[in-house]
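S.K.: okay, predicted coordinates and the sequence, questions at the end:
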Amino acid sequence: MRVIGVDIGGTKVAAGLVEANSGSPPVLTARARGPVDPTTNKGGTASILEVVDQVWRDAKSHGSTVAAIGVACAGSVDHHSGVLRRASNMAWIDLGIAEALEARYGVPVTVENDVNAAAWGEAIFGDPDRESSSAIPTIAYITIGTGIGTGAVEGGRIVRGRAGGAGELGHLPGLAGAVDPDAGAVVCSCGARGCVEAVASGPAFASAGQSWARDGRAPGLVEASHGDLSRIDASMITRLATAGDTDALQLVAREGRFIAQTIAVAWRAYAPDVIVLGGGVMNAGDVMLSAVQNGLSNLAVSGPSRLRECSSWVLASRLGDDAGVIGAGALVVVRPAS
Ligand SMILES: [Zn+2]
């Protein structure tokens with residue numbers, strides 16, 4: 001089965017032809033990407049169609065039939081109508097994405113919030129050893145990037161709650177205070193105090209590194225940034241930590257404790273088979289995943305054994321850089337129950 005997956009972010013549209021055959025991992029071909037016009041609905045639609053057109057033409061020129069199109073988009077999505085109600089970081093309002101794509105290509109289109117789509121992609125394709133005939137696992141997916149978002153899949157459904165607002169674990173007021181009392185006092189962009197997103201998103205992690213460097217607590221970061229502390233970002237901190245810099249390792253350990261606290265909530269809320277971690281901060285690889293797993297083990301010094309055994313069920317995403325497009329495609333390869 002061949003479908004097109006489309007991943008719409010704040011600055012770009014990425015799309016690809018996803019080939020999914022029973023018993024083997026999905027293959028992504030005919031990739032295309034382009035800038036997104038965030039200013040108007042009309043411009044936004046045109047920028048999306050331009051990228052999807054390339055994949056569509058490429059597929060047709062190879063004689064491929066496209067069965068359906070799945071779209072993932074950051075923002076509030078009405079998944080019944082395929083309308084993006086409100087976009088994150090874009091001026092689009094009530095953008096009829098499904099309608100525009102169906103009119104142009106004549107195939108069914110499903111539109112979903114990007115974090116929900118990523119969670120679905122992990123449930124369907126994340127475990128290469130899962131038999132396609134076996135039950136869809138219960139998973140929670142946590143992305144740590146520009147923000148901290150959570151999606152969950154249970155019983156073959158995406159867990160949505162009222163108006164799709166379920167699982168915003170990055171915005172649990174006060175949770176960060178369980179790790180660090182000072183972090184518990186930080187006011188978040190959502191207006192609450194002590195959200196983990198406010199202290200552990202990619203930008204917040206970078207800003208912690210900059211602040212340590214400014215206070216003379218991280219000379220390695222000062223050196224790596226050649227004195228321009230604004231250049232310190234999440235990947236610079238994790239790179240130094242991987243190389244053994246003790247200050248960077250402490251920053252990573254602190255970040256890991258915030259993420260672990262969020263995972264502990266997801267574990268209690270959903271009792272999932274696995275928790276999958278994605279997003280830019282997790283791209284650092286083993287050093288960050290180890291810090292998260294240490295954080296979880298420390299939460300359970302003499303407590304629940306499931307937390308101590310987290311290395312078997314708290315995993316980094318295995319879909320890699322293509323997770324967004326593959327997650328979008330997964331929505332139409334196996335449809336979530338509604
Ligand atoms: Zn918040």
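M.R.: Cool, the structure landed. Note that the structure is predicted; figures quoted are calculated from it, not measured.

S.K.: contacts only, for residue 109.
M.R.: 68-71, 82, 97-98, 101-102, 332 (CB atoms under 8 Å, 6 or more residues apart in numbering). In this view, the C-beta of every residue, glycine as well, is placed from N, C-alpha and C.

S.K.: check it and give its pLDDT.
M.R.: In the prediction, the pLDDT value recorded for residue 109 is 98.

S.K.: try the one 5 residues further on
M.R.: The predicted local distance difference test score for residue 114 is 94.

S.K.: leaving out sequence neighbours, find the closest residue to it.
M.R.: Ranked by CB to CB, 6 or more residues apart in numbering and with sequence neighbours excluded, the top spatial neighbour of residue 114 is residue 72, at 4.3 Å.

S.K.: and the helix or strand bottoming out on mean pLDDT in the chain, C-alpha only, in PDB?
M.R.: When the helices and strands of the chain are scored by mean pLDDT, DSSP states H and E, helix 305-308 comes last with a mean of 82. What follows is helix 305-308, C-alpha atoms only, in PDB (Å, rounded to 0.1, in the frame of the first residue of the first chain):
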ATOM      1  CA  SER A 305      10.100  -2.000  40.000                       C
ATOM      2  CA  ARG A 306       8.600  -1.000  36.700                       C
ATOM      3  CA  LEU A 307      10.300   2.400  37.000                       C
ATOM      4  CA  ARG A 308      13.700   0.800  37.900                       C
END
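
S.K.: which secondary structure elements does that helix contact?
M.R.: helix 246-270, helix 286-299 (3 or more CB pairs under 8 Å, 6 or more residues apart in numbering; DSSP states H and E).

S.K.: deepest-packed of the ones you listed, please.
M.R.: Highest mean neighbour count of the helices and strands packed on helix 305-308: helix 246-270, a mean of 21 (counted as mean count of other CB atoms under 10 Å).

S.K.: roughly how far out does that helix sit from the chain middle?
M.R.: Put simply, helix 246-270 sits 16 Å off its chain's centre (CA atoms, centre = their mean, to the nearest Å).

S.K.: what about it, average pLDDT?
M.R.: For helix 246-270, the mean pLDDT works out to 97.

S.K.: kindly report the same for stretch 180-193.
M.R.: For stretch 180-193, the mean per-residue pLDDT is 96.

S.K.: circling back: mind checking which of the contacts of residue 109 are in helices?
M.R.: 97-98, 101-102, 332 (DSSP state H).

S.K.: and these near the ion, which?
M.R.: For the ion, no contacts are drawn from the ones in helices among the contacts of residue 109 by CB under 5 Å from the ion.

S.K.: turn those residues into TSV, including neighbour count and pLDDT.
M.R.: Output for the ones in helices among the contacts of residue 109, formatted as TSV (neighbours: other CB atoms under 10 Å; pLDDT from 0 to 100):
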residue	neighbour count	pLDDT
97	25	98
98	22	98
101	26	98
102	16	98
332	24	97
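
S.K.: looking at those, which is nearest residue 210?
M.R.: residue 97 (37.4 Å; CB to CB).

S.K.: burial count for the residue nearest to that closest one when sequence neighbours are not counted?
M.R.: Residue nearest to residue 97 in three dimensions, not counting chain neighbours: residue 111, with 5.0 Å by CB to CB, 6+ apart. Neighbour count of residue 111, defined by other CB atoms under 10 Å: 28.

S.K.: assess the claim that residue 4 and residue 13 are in contact.
M.R.: No. Under the criterion of CB atoms under 8 Å, residue 4 is not in contact with residue 13, lying 11.8 Å apart.

S.K.: more neighbours, those two?
M.R.: residue 4 (29 against 23).

S.K.: what is the more buried one paired to in the beta sheet?
M.R.: Here residue 4 sits in beta bridges with residue 17, residue 69, going by DSSP bridges.

S.K.: where's it relative to the ion, distance?
M.R.: 34 Å (CB to the ion, to the nearest Å).

S.K.: same deal with residue 137?
M.R.: 29 Å.

S.K.: what about residue 180, which helix or strand?
M.R.: Here residue 180 sits in a region with no helix or strand, counting by DSSP states H and E.

S.K.: surely it and residue 255 touch.
M.R.: No. In this structure residue 180 lies outside contact range of residue 255 using CB under 8 Å: 11.2 Å.

S.K.: leaving out the residues flanking it, which one is nearest to residue 25?
M.R.: Nearest to residue 25 is residue 128, by CB to CB, 6+ apart, at 5.1 Å.

S.K.: any common contacting residues for residue 4 and residue 13?
M.R.: Joint contacts of residue 4 and residue 13 (CB under 8 Å, 6+ apart) are residue 52.

S.K.: how about the strands in the stretch 1-150 of the chain?
M.R.: Remark: strands assigned in the stretch 1-150 of the chain by DSSP state E, counting those that start in this stretch are 2-8, 12-19, 27-35, 69-73, 75-78, 83-87, 93-96, 109-113, 139-144, 148-154.
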